[in-house]
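**Student:** sequence first, then the predicted structure, then my questions.
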Amino acid sequence: MYCHIFLWEQAHHDFDLSTGNNKINGATEGQTGDGQHNRDYVLRSPQRTRSYLPGKTPRNTDSEALDITVCVDFDPALGMMTGIPPITPMMPGLGIVPPPIPPDMPVVKEIIHCKSCTLFPPNPNLPPPATRERPPGCKTVFVGGLPENGTEQIIVEVFEQCGEIIAIRKSKKNFCHIRFAEEYMVDKALYLSGYRIRLGSSTDKKDTGRLHVDFAQARDDLYEWECKQRMLAREERHRRRMEEERLRPPSPPPVVHYSDHECSIVAEKLKDDSKFSEAVQTLLTWIERGEVNRRSANNFYSMIQSANSHVRRLVNEKAAHEKDMEEAKEKFKQALSGILIQFEQIVAVYHSASKQKAWDHFTKAQRKNISVWCKQAEEIRNIHNDELMGIRREEEMEMSDDEIEETTETKETEESALVSQAEALKEENDSLRWQLDAYRNEVELLKQEQGKAHKEDDPNKEQQLKLLQQALQGMQQHLLKVQEEYKKKEAELEKLKDDKLQVEKMLENLKEKESCASRLCASNQDSEYPLEKTMNSSPIKSEREALLVGIISTFLHVHPFGASIEYICSYLHRLDNKICTSDVECLMGRLQHTFKQEMTGVGASLEKRWKFCGFEGLKLT
């Protein structure tokens, strides 16, 4: 299928392929021979089919042109009226930007005419030809299906439209490898895959073929791609390094060298609390550098003295912070206790509202809400109460720990002092032994020398021997004294160890007593529960029933021959209308030692009467 394409081209504008220069009727580009800008355009009507590749400027295959001169400056509205759209560089067919292709429609390829051959497009309804996975940095393509009579010149003629060709390696078996200058040129070459090629107008089988273009793997491409990746990695590292250096905080200024002037400045800074840390760092650096000498020793001593004066300030600051912490703890405890008091008041309100006097007047939903609120308030109160008790326990534990630490520290100091004294006595004892051995060796040497010289009458030697013997005796006596002192210290140390063991045993006994006391308290609490159970198991369950028992007893005491239950209830109804006959009869039936029921009369006059038997029941119980 052939399609005619009408292109707007610049009038008399030819492109010289050999020189690459643009010529307009023998004048320079953009000017005519008389120096005026030539802005006329010619509408060429091709008599043959003109085709192009995407991204390539269409070449005119027809030398004839229809000289219809149209001025570009004509009114665009007039063009729209006549059906001619305005000329824009984005128009399809100008070779600048290819027309957009809808995704659903198949790509319709066109016939490509070359000097020595013609390329016919494949069937658009067929699927696109398959390709292998693209190698990294691929610039080389495999071209198969070439005609047997195809030459390298024809291959260059066909594929030079895709871009600059660096190398061609042609094989004898109708395929070749083409290496382009850039990677995007490979995509243009893949566009030709599936085209049928025909050399000239021949229909011979050796002059025809079907092109198959695919990616090819080449070492040169991979090497260049790796070099490019390394270059990009270097650039990225350089960029990151520059970014890190930009974001890095500035380095601290260098410490100045020592001089008398700088020394006076640092001494003033040491007296200022705000500049103390900076001045101390400078002083430390100077001392480490070795700036202290005989001439500057006084200056450094004064600066160290100024630094020492800040110790008291730091101690005072620490004490102030500890005081603030204690005050904050006290405020927290007071606030927590106030909250607990308010919780107790709220819980008391809920309990008072739960009593029958007020509880009967609330609706069912109101009672449910009040009970839920009461449970929530009690839970929160218990949590806060446990927290407050925990704080108090911690304070008590801290106080007891401090006392125990003080006692243990005093004992440890005493023990350490005794141990140090014992070690000192051991060292002194060892040194005396060594001295004694040395004296003995000297005495033996002197005796040997005296025996050799055979000068027993020499008075000097006798005096020396006497002196040595006296010194030896003195050393022995001193050694005995030291040994006695060592034994005494060891005995004292053992006594202290025994005392320590006794104290530890006493502490363990106290802990056991505390645990026993807690168990006794728990058992006492458990023993109280049976009493409550017995109290709860009594026949009189409430104060109201006790009042009824007293009133009924008084009434029956006045009626010694008894009274019926109706008579008793009629008397009680005068006091309270809400009294039920069955409740009264049940109450009197439970108190068997206080009331008894008798049957009086015969036949129709048979009647049940209740009598008071409290005095008789007292004797029985």
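**Tutor:** Now that the structure is in, tell me what you want to look at.

**Student:** dump the residue contacts of the closest residue to Asn174 other than its chain neighbours.
**Tutor:** Using CB to CB, 6 or more residues apart in numbering and skipping residues adjacent in sequence, the residue nearest Asn174 is Leu146, 4.6 Å away. No exception for glycine: its C-beta is placed from N, CA and C like everyone else's. The contact partners of Leu146, by CB atoms under 8 Å, 6 or more residues apart in numbering, come to 155, 174-176, 197, 209, 211.

**Student:** output the below-cut-off pLDDT ranges for the protein.
**Tutor:** For the chain, residues meeting the criterion pLDDT under 70 lie at 1-107, 399-412, 414, 451-459, 461, 521-538, 603-604, 617-621.

**Student:** please parse it into its domains.
**Tutor:** Annotated domains of the chain cover 1-100, 260-352, 391-533, 543-620 [automatic domain parsing].

**Student:** follow-up on the earlier one: inside strands: which ones of the contacts of Leu146?
**Tutor:** If you go by DSSP state E, the contacts of Leu146 have 175-176, 197, 209 in strands.

**Student:** got these as CSV, with distance to Thr285 and neighbour count columns?
**Tutor:** Listed next are those as CSV, based on distance: CB to CB, whole Å; neighbours: other CB atoms under 10 Å:
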residue, distance to Thr285, neighbour count
Phe175, 77, 14
Cys176, 75, 18
Ile197, 83, 23
Gly209, 84, 21
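
**Student:** how about Val292, phi and psi?
**Tutor:** Torsion angles at Val292 (phi, psi; degrees, to the nearest 10) stand at phi -80, psi 120.

**Student:** list the contacts of the closest residue to it other than its chain neighbours.
**Tutor:** In this structure, Val292 finds its nearest non-sequential neighbour in Phe300, 5.2 Å apart by CB to CB, 6+ apart. Residues counted as contacts of Phe300 (CB under 8 Å, 6+ apart) are 283, 286-287, 291-292.

**Student:** pull out the buried members of these.
**Tutor:** By neighbour count, with 16 or more other CB atoms under 10 Å, the contacts of Phe300 hold 283, 286, 291 as buried.

**Student:** any idea how far Arg294 is from the second one?
**Tutor:** Here Trp286 is placed at a distance of 15 Å from Arg294 (CB to CB, to the nearest Å).

**Student:** now do Cys263
**Tutor:** Distance, Cys263 to Arg294, using CB to CB: 15 Å.

**Student:** looking at the two now, which is surrounded by more residues?
**Tutor:** Higher neighbour count among Cys263 and Arg294: Cys263, with 19 against 6, using other CB atoms under 10 Å.

**Student:** would you confirm that Arg609 contacts Ser564?
**Tutor:** Yes. Using CB atoms under 8 Å, Arg609 is in contact with Ser564, at 5.8 Å.

**Student:** neighbour count for these two, which is higher?
**Tutor:** Each of Arg609 and Ser564 has its neighbours counted (other CB under 10 Å); Arg609 has more, 19 against 13.

**Student:** then that one would be within a strand, right?
**Tutor:** Yes. Counting by DSSP: H, G, I helix; E, B strand; the rest coil, Arg609 is found in a strand.

**Student:** find the residue closest to it in space, skipping its chain neighbours.
**Tutor:** Using CB to CB, 6+ apart, the closest residue to Arg609 is Gly562 (3.4 Å).

**Student:** swap in Asn299?
**Tutor:** Of all residues not flanking Asn299 in the chain, Cys263 sits nearest, at 4.9 Å (CB to CB, 6+ apart).

**Student:** list the buried residues in the helix or strand where that neighbour lies.
**Tutor:** Secondary structure from DSSP states H and E places Cys263 in helix 260-271. Within helix 260-271, the residues that count as buried by 16+ other CB under 10 Å are 263, 266-267, 269-270.

**Student:** can I get those residues in CSV including distance to Met325?
**Tutor:** Output for these, formatted as CSV (distance: CB to CB, whole Å):
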residue, distance to Met325
Cys263, 40
Val266, 34
Ala267, 35
Lys269, 31
Leu270, 29
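
**Student:** other residues contacting whichever helix or strand comes after the helix holding Cys263?
**Tutor:** Next along the chain after helix 260-271, taking DSSP H and E as the criterion, comes helix 276-289. Under the contact criterion CB under 8 Å, 6+ apart, helix 276-289 has outside partners 255-256, 258, 266, 269-270, 272, 292, 300, 303-304, 307, 310.

**Student:** and the residues you listed, which two are furthest apart?
**Tutor:** Spatially, the most separated pair among the contacts of helix 276-289 is Asp272 and Val292, at 23.0 Å (CB to CB).

**Student:** doesn't Arg241 belong to a helix?
**Tutor:** Yes. Counting by three-state DSSP, one finds Arg241 located in a helix.

**Student:** kindly tell me how buried it is, as a neighbour count.
**Tutor:** The criterion is other CB under 10 Å. On that basis, Arg241 has 10 neighbouring residues.

**Student:** got it, and the one 5 residues further on?
**Tutor:** Using other CB under 10 Å, Arg246 has 7 neighbouring residues.
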